[in-house]
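Enquirer: Generate a structure from the sequence data that follows.
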Amino acid sequence: MEFLYASEVLVNGLMAGVMYSLVALGFVLIYKASGVFNYAQGVMALFAAMTLVGIMEGRVPFAHLLNAAFGLHADSFGWTVPAALAIALTALVMVGLAVAIEKLVLKHLVGQEPIILFMATIGLAWFLEGLGDVMWGADVKVLDVGLPQGISETVETATNNWFGYGFFVDRLDIWAAVIAAALVAALVGFSQYTKQGRAMRAVADDHQAALSVGISLQFIWIMVWSIAGFVALVAGIMWGTKSGVQFSLSLIALKALPVLMLGGFTSIPGAIVGGLIIGMGEKLFEYFVGPMVGGATENWFAYVLALLFLVFRPQGLFGERIIERV
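Expert: Presented below is the predicted three-dimensional model:
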């Protein structure tokens, strides 16, 4: 029976790892295109989820600001928008955000050191967090796009028939795993087998060299940030449905860091594998070792594991070893 309990913990850990991987995918995309860690990816997931809720509920953007400035009482348009249409509109908003980021920030930083771009993403993160607050309010929002939630009776019945013990697995986690697998397949195919994907990798290697051979840096950055925005939207939907849309949602970026260190900053499949290892490891560690040390090991296990990887394999499992002459 102990083995079955541990197996259930393992399965739920793998499901949690998929949720981490959804966030890590956005980081990998930006890093592959610009060679910089996008600190704002977690906030992009938050902003996308807030925008989606606002559109679905028919909220007036900047309602608090407009009401205070003009004495209005316009909090809602008085209608609701179907989930599918709201998701499509939110995706368009994220594309618009990508265009604005390229026009206002990135094009002024061509050829700059990676640390400059990284600092720019830190400023972008704080700006987006404030923008989301002003646009949609700081209250905790409920997000429901129709994804099934609750314990999967199919999995519980099947495992009970097979092992005599039913596993409790959330149906939302199963959907997240399916969606993540589809995203990874699409992104790997795009990165490896399309002209735009090869251009994206060229831009990551050297901005100036890419420009010299006719690659449009503007187009590549808009494209990559748009894709990263869509991935952030997917992650925001999953995490927002699971735990509500609130500002702590942006902190999921911190859990994506160990995922990237394990899988490698340049590998799309590595983001998934790293997420699965982190999710599985922290759940099993909490189950077996947690009671011996007072629990709460999930808060730090991932970072300790990432530290070990930095010491012994800094490029991660699937990352590229880069050797530079000094």
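Enquirer: Next SSE downstream of the helix or strand hosting Pro291?
Expert: Assigned by DSSP states H and E, Pro291 falls within helix 290-293. As assigned by DSSP H and E, the chain's next helix or strand after helix 290-293 is helix 301-312.
Enquirer: Show me the contact partners of that next one.
Expert: Contacts to helix 301-312, defined as C-beta atoms under 8 Å, 6 or more residues apart in numbering, come from residues 255, 257-259, 261-262, 277-278, 281-282, 285-286, 316. To be clear about C-beta, it is placed using only N, CA and C from the backbone, and glycine gets the same treatment.
Enquirer: next one: stretch 130-147
Expert: In this structure, residues lying in contact with stretch 130-147 by C-beta under 8 Å, 6+ apart are 43, 46-47, 49-54, 56, 59, 61-65, 83, 86-87, 171-172, 175, 237, 240-241, 244-247.
Enquirer: Grab the nearest non-local neighbour of Gly17.
Expert: Gly279 (2.4 Å; C-beta to C-beta, 6 or more residues apart in numbering).
Enquirer: Buried residues, the helix or strand hosting the one you found. List them.
Expert: Using DSSP H and E, Gly279 maps to helix 268-288. For helix 268-288, burial by neighbour count (16 or more other C-beta atoms under 10 Å) applies to 268-287.
Enquirer: Now the helix or strand of the chain with the lowest mean pLDDT - C-alpha only, PDB.
Expert: Taking mean pLDDT, DSSP states H and E as the measure, helix 207-212 is the helix or strand of the chain with the lowest mean score, a mean of 75. The C-alpha trace of helix 207-212 is given here as PDB (Å, rounded to 0.1, in the frame of the first residue of the first chain):
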ATOM      1  CA  HIS A 207      21.800  40.500 -33.600                       C
ATOM      2  CA  GLN A 208      24.100  42.500 -35.900                       C
ATOM      3  CA  ALA A 209      25.100  39.400 -38.000                       C
ATOM      4  CA  ALA A 210      21.400  38.500 -38.400                       C
ATOM      5  CA  LEU A 211      20.700  42.100 -39.600                       C
ATOM      6  CA  SER A 212      23.600  41.900 -42.100                       C
END
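Enquirer: What's the first helix or strand after it?
Expert: The first helix or strand that comes after helix 207-212 along the chain, using DSSP H and E, is helix 217-243.
Enquirer: pLDDT averaged over that following helix - what is it?
Expert: Averaged across helix 217-243, the pLDDT comes to 88.
Enquirer: Please apply the same query to stretch 90-104.
Expert: The predicted confidence, averaged over stretch 90-104, sits at 93.
Enquirer: okay, that stretch in CSV with CA atoms only?
Expert: This file holds the C-alpha atoms of stretch 90-104, laid out as CSV (Å, rounded to 0.1, in the frame of the first residue of the first chain):
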residue,chain,number,x,y,z
THR,A,90,-6.9,38.3,-25.4
ALA,A,91,-4.5,36.7,-27.8
LEU,A,92,-4.8,39.7,-30.0
VAL,A,93,-4.1,41.9,-27.0
MET,A,94,-0.9,39.9,-26.3
VAL,A,95,0.1,40.4,-29.9
GLY,A,96,-0.5,44.2,-29.5
LEU,A,97,1.6,44.1,-26.4
ALA,A,98,4.4,42.4,-28.3
VAL,A,99,4.3,45.1,-30.9
ALA,A,100,4.4,47.8,-28.3
ILE,A,101,7.3,46.1,-26.5
GLU,A,102,9.3,46.0,-29.7
LYS,A,103,8.5,49.6,-30.7
LEU,A,104,9.0,51.2,-27.3
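Enquirer: That stretch: which residues count as buried?
Expert: Buried residues in stretch 90-104, defined by neighbour count with 16+ other C-beta under 10 Å: 90-91, 93-95, 97-98, 101-102.
Enquirer: And the contacts of stretch 130-147, which of them are buried?
Expert: With neighbours counted by 16+ other C-beta under 10 Å, the contacts of stretch 130-147 contain buried members at 43, 46-47, 49-54, 56, 59, 62-63, 83, 86-87, 171-172, 175, 237, 240-241, 245-246.
Enquirer: and the gap between the residue nearest to Val99 when sequence neighbours are not counted and Val273?
Expert: With sequence-adjacent residues excluded and distances taken as C-beta to C-beta, 6+ apart, Val99 is closest to Ile222, at 5.6 Å. Taken as C-beta to C-beta, to the nearest Å, the spacing of Ile222 relative to Val273 amounts to 29 Å.
Enquirer: Kindly report the same for Met56.
Expert: Plainly put, Met56 is 34 Å away from Val273 if you go by C-beta to C-beta.
Enquirer: Can you pull the phi/psi pair for Lys141?
Expert: Note on Lys141: backbone dihedrals following degrees, to the nearest 10 are phi -110, psi 150.
Enquirer: What is the neighbour count of it?
Expert: Residues lying near Lys141 (other C-beta atoms under 10 Å) number 19.
Enquirer: And it, how far from Ala63?
Expert: 14 Å.
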